[in-house]
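Novice: One predicted model, sequence on top.
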Amino acid sequence: MIDSSTPLPLFPVVAAALVDEEGRVLLQQRPGGKALAGLWEFPGGKLEPGETPEAALVRELHEELAITVAPDALEPAGFATEPLPGRHLLLLLYVIRSWSGTPVALEADGLTWCQPAGMGAWPMPPADGPLVRQLAAYLADNTSSDVAPDSGTV
Ligand SMILES: Nc1nc2c([nH]c(=O)n2[C@@H]2O[C@H](COP(=O)(O)OP(=O)(O)OP(=O)(O)O)[C@@H](O)[C@H]2O)c(=O)[nH]1
């Protein structure tokens with residue numbers, strides 16, 4: 001049971017939904033020996049002191065996947081908030097559709113590309129359930145089709 005009278009320090013974490021040209025999203029498997037080992041998650045991690053969320057995510061993606069991302073490629077897409085032992089997780093999710101390099105699992109036990117509608121098949125940390133639903137809605141609303149938008153002229 002959560003005791004709401006006990007303040008917990010906020011624990012900000014940034015995460016990325018890398019979306020490829022087929023609309024698939026990259027998940028990575030948490031390695032053995034860590035909390036939540038074996039579960040699948042969005043790449044990302046903790047902010048370092050003084051770091052912005054965007055700088056932290058660019059750094060984490062380079063450290064974890066060996067890819068380079070421009071800060072203006074980050075699209076805020078959702079968040080989740082979850083009590084953890086001794087701290088309160090604030091998980092910020094960004095969609096990223098362009099990057100340099102090919103993702104390689106430098107820290108994870110594995111990588112998989114999956115369609116957002118199929119992500120429920122991958123066991124993920126408890127905080128990720130709301131994120132997966134927000135991501136599916138965000139991508140449905142913010143994915144361009146091949147049809148050119150109306151120019152808007154009157
Ligand atoms: N990157 C990422 N972290 C997530 C997701 N969902 C989720 O609950 N988290 C949590 O956010 C935190 C991310 O921290 P981390 O990956 O940088 O570090 P860590 O587990 O090694 O934590 P530790 O160094 O405190 O042991 C973990 O507590 C992790 O369980 C997710 O989808 N992606």
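Specialist: Okay, I see it. Here the structure is a predicted model, which means the values were calculated and not measured.
Novice: The nearest residue to Pro103 once chain neighbours are set aside: what's it in contact with?
Specialist: Sequence neighbours aside, Leu65 is the residue nearest to Pro103 in space, at 4.1 Å (criterion: C-beta to C-beta, 6 or more residues apart in numbering). C-beta here means a position set from N, CA and C on the backbone, and glycine is covered the same way. By C-beta atoms under 8 Å, 6 or more residues apart in numbering, the contact list for Leu65 reads 26, 28, 43, 101, 103-106, 111.
Novice: Can I get the buried part of the residues you listed as one ChimeraX selection?
Specialist: Selecting the buried subset of the contacts of Leu65 in ChimeraX, with 16 or more other C-beta atoms under 10 Å as the burial test, is done by:
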select :26,28,43,103,105,111
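Novice: what's the closest of the contacts of Leu65 to the ligand?
Specialist: Using C-beta to the nearest ligand atom, Pro43 comes nearest to the ligand of the contacts of Leu65, at 6.1 Å.
Novice: Quick check: the residue nearest to Pro103 vs Leu47, distance?
Specialist: Distance, Leu65 to Leu47, using C-beta to C-beta, to the nearest Å: 18 Å.
Novice: Can you pull the residues of this protein lying near the ligand?
Specialist: For the chain, the contact set with the ligand under C-beta under 6 Å from any ligand atom comprises 13, 15, 34-36, 41-42, 44-46, 89, 91, 125, 127-128.
Novice: For Ala66, list the residues it contacts.
Specialist: Ala66 sits next to 101-104, 106 when contact means C-beta under 8 Å, 6+ apart.
Novice: which among those residues gets closest to Phe79?
Specialist: Lowest distance from Phe79 to the contacts of Ala66 (C-beta to C-beta) belongs to Pro103, with 23.1 Å.
Novice: Smallest gap between the chain and the ligand, at which residue?
Specialist: Gly45 (2.9 Å).
Novice: so Ser100 touches Thr68, yeah?
Specialist: Yes. Contact criterion C-beta atoms under 8 Å: Ser100 and Thr68 qualify, at 4.3 Å.
Novice: ok, those two, which is more surrounded?
Specialist: Neighbour totals were compared for Ser100 and Thr68, and Thr68 leads with 12 against 9 (other C-beta atoms under 10 Å).
Novice: isn't the more buried one right next to Ser98, touching?
Specialist: No. Assessed by C-beta under 8 Å, Thr68 is found out of contact with Ser98, at 10.3 Å.
Novice: The nearest residue to Pro53 once chain neighbours are set aside: what's it in contact with?
Specialist: Once flanking residues are discounted, Pro53 sits nearest to Val14: 4.8 Å by C-beta to C-beta, 6+ apart. The contact partners of Val14, taken as C-beta under 8 Å, 6+ apart, are 44-45, 47, 53-54, 56-57, 60, 91-92, 94.
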